[in-house]
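Asker: Here is my input, please return the structure:
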Amino acid sequence: MFDKQLLKSLVLEQKKALMAEEVGIERDKYTELMAHLPIPHALVVAGLRRAGKSTLLLQLIKNEYGGDVYYFNLEDERLVGFDVQDFSVLYEVMLELYGERSIFFLDEVQNIPEWERFVRRLQNEKMKFIITGSNASLLSKELGTKLTGRYIQIELLPYSFKEFLHYHKIKYGENSFLMTSERALLKKQFNDYMELGGIPEYVTYRLSHILTTLYENIIYKDIIVRYEIHAVRALRELALYLMSNIGTLISYTKLKNSLNLGSVNTVKNYLYYLENSYLIFTVDSYAYSILQRTISQKKIYAIDTGLVNAMSIQFSRNTGKYLENMVFLELRRRYESVFYYRTENNLEVDFIIQENKKNVLLIQVCESLTNEKTRKRELTALTVAMNELKLTEGLILTLDETETIALSQHQTVMVMPVYQWLLR
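Answerer: Now for the predicted structure:
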């Protein structure tokens, strides 16, 4: 059994430290969390380390409950030896310190195996839980089974461009894109956003070690230690390769051979670990068959362009790929599923969007359409895909170009800057 007096000290220290923190800007997900507070389901917020999950909890604790909650952060080096049985001791400590309360906040819960047993037991006693974790498996169907369906999933990514502007107190409206001075300010902020990314702490202090330390913690704590990886060098090489090749297709076999990773299964496992830690994302090719999606080549994107800037081994930035990565992250915020599309004659469209299982929009992303070869490539793939899917509208997102292209009487392609689309 974990030492009860030490737990008491930790509970008091953690609560004091949390309440002393600044609440920061209101995140876009705050409203979504608020909407689910009246129902008894556990709220599970998953996302990258340092993406703002604890701050989001703090905002709820201060704004909605005045601090009258149970709070415990399981990412504490003094909790060595704490396991699922010790949650009962923790609950006893909470009762002794604060009396009965109806809300329990658990931060970085993935550190304790089988934590859901404790949550399920107290849910049966009408306790409301708000939980965070830096592990994508917290949003899996498996968790739904463990909590018998009594939870709501919420994914928190680093700052969106809207949140980045909010943090910098930049106001904008529909007319901002028409007014020279306001448009110039938005473009300047967008270029900063592409360079810095959206990790809140880095946006605030702009110290490079913040990102390098974050990256090392993900690789070491969330992957090497958790999954007991022995081929550390191979994992690191794979992670750096993927971070340096965002927006590209990958082949398991080619990765195995070029990085000497032993087997295709090793590559698949390492990719799963990297994705589960929120460092990278894989995107499937669109297909009606789930099997076909599974065996298709994957496209790779990163959690944050600032992190890519800090860790990439590329000597020059591919602006088009950075734009594509930013568009992917925004699509992930807005939609449940994102795919890329490959036409019957093997042309590629960057993204296909579905709503209610219906195809609604194809999106291409490139830095500019001024080069005739690029223009032809992007438009040809988009036109063929629109015809195959019987869609009347397509979208091309660029760094700073606006245009309406009439393909036919019934088909139109809109061209607009990424920064404008991000603020729609």
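
Asker: What values do phi and psi take at S285?
Answerer: Phi and psi for S285, reported as degrees, to the nearest 10, are phi -70, psi 140.

Asker: mind listing what it touches?
Answerer: 292-293, 296-297, 339-342 (Cβ atoms under 8 Å, 6 or more residues apart in numbering). Glycine gets a C-beta too; all of them are placed from N, C-alpha and C.

Asker: cool, V45 as well?
Answerer: 29, 33, 53, 56-57, 130-133, 154-156.

Asker: go again using 7 Å as the cut-off
Answerer: 53, 56, 131-132, 154, 156 (Cβ atoms under 7 Å, 6 or more residues apart in numbering).

Asker: so which strand or helix has it?
Answerer: Taking DSSP states H and E as the definition, one finds V45 inside strand 42-46.

Asker: just Q292 next, same as before
Answerer: helix 290-295.

Asker: after that helix comes which helix or strand?
Answerer: Following helix 290-295 in sequence, per DSSP H and E, is strand 298-302.

Asker: Distance from that next one to the middle of the chain?
Answerer: Taking Cα atoms, centre = their mean, to the nearest Å, the mean C-alpha location of strand 298-302 is offset from the chain mean by 13 Å.

Asker: For L362, pull up the helix or strand it's in.
Answerer: Counting by DSSP H and E, L362 is part of strand 358-365.

Asker: ok, and for that strand, which residues are buried?
Answerer: Across strand 358-365, burial judged by 16 or more other Cβ atoms under 10 Å covers 359, 361-365.

Asker: can you check stretch 28-35 too?
Answerer: 29, 33.

Asker: The closest residue to L196 other than its chain neighbours in helix, strand or coil?
Answerer: Setting aside the residues directly before and after it, L196 is nearest to G306 in space (Cβ to Cβ, 6 or more residues apart in numbering), at 4.8 Å. Under DSSP: H, G, I helix; E, B strand; the rest coil, G306 falls in the helix class.

Asker: Isn't G306 up against D192?
Answerer: No: taking contacts as Cβ atoms under 7 Å, G306 lies outside contact range of D192: 10.1 Å.

Asker: in its sheet, what does the strand holding L362 sit against?
Answerer: strand 348-355 (antiparallel), strand 393-398 (parallel) (DSSP bridges).

Asker: So what touches that strand?
Answerer: With Cβ under 7 Å, 6+ apart, strand 358-365 has contacts from 320, 323-324, 327, 341, 349-354, 378, 381-382, 385-386, 389, 391, 393-397.

Asker: Quick check: next helix or strand after it?
Answerer: Later in the chain than strand 358-365, the nearest helix or strand by DSSP H and E is helix 372-389.

Asker: Mind listing what's buried along that next one?
Answerer: Using 16+ other Cβ under 10 Å as the test for burial, helix 372-389 gives 375, 377-379, 381-386, 389.

Asker: again, but for stretch 165-181
Answerer: If you call a residue buried by 16+ other Cβ under 10 Å, then stretch 165-181 has these buried ones: 165-166, 172, 176-177.

Asker: Repeat that for stretch 238-248.
Answerer: Buried, per 16+ other Cβ under 10 Å, within stretch 238-248: 238-247.

Asker: will you turn these into JSON lines that also has pLDDT?
Answerer: As requested, the buried residues of stretch 238-248 are exported to JSON lines (pLDDT from 0 to 100):
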{"residue": "L238", "pLDDT": "97"}
{"residue": "A239", "pLDDT": "97"}
{"residue": "L240", "pLDDT": "97"}
{"residue": "Y241", "pLDDT": "96"}
{"residue": "L242", "pLDDT": "97"}
{"residue": "M243", "pLDDT": "97"}
{"residue": "S244", "pLDDT": "96"}
{"residue": "N245", "pLDDT": "96"}
{"residue": "I246", "pLDDT": "97"}
{"residue": "G247", "pLDDT": "98"}
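
Asker: Just the ones in helices from these, please.
Answerer: Counted as lying in helices by DSSP state H, out of the buried residues of stretch 238-248, are 238-243.
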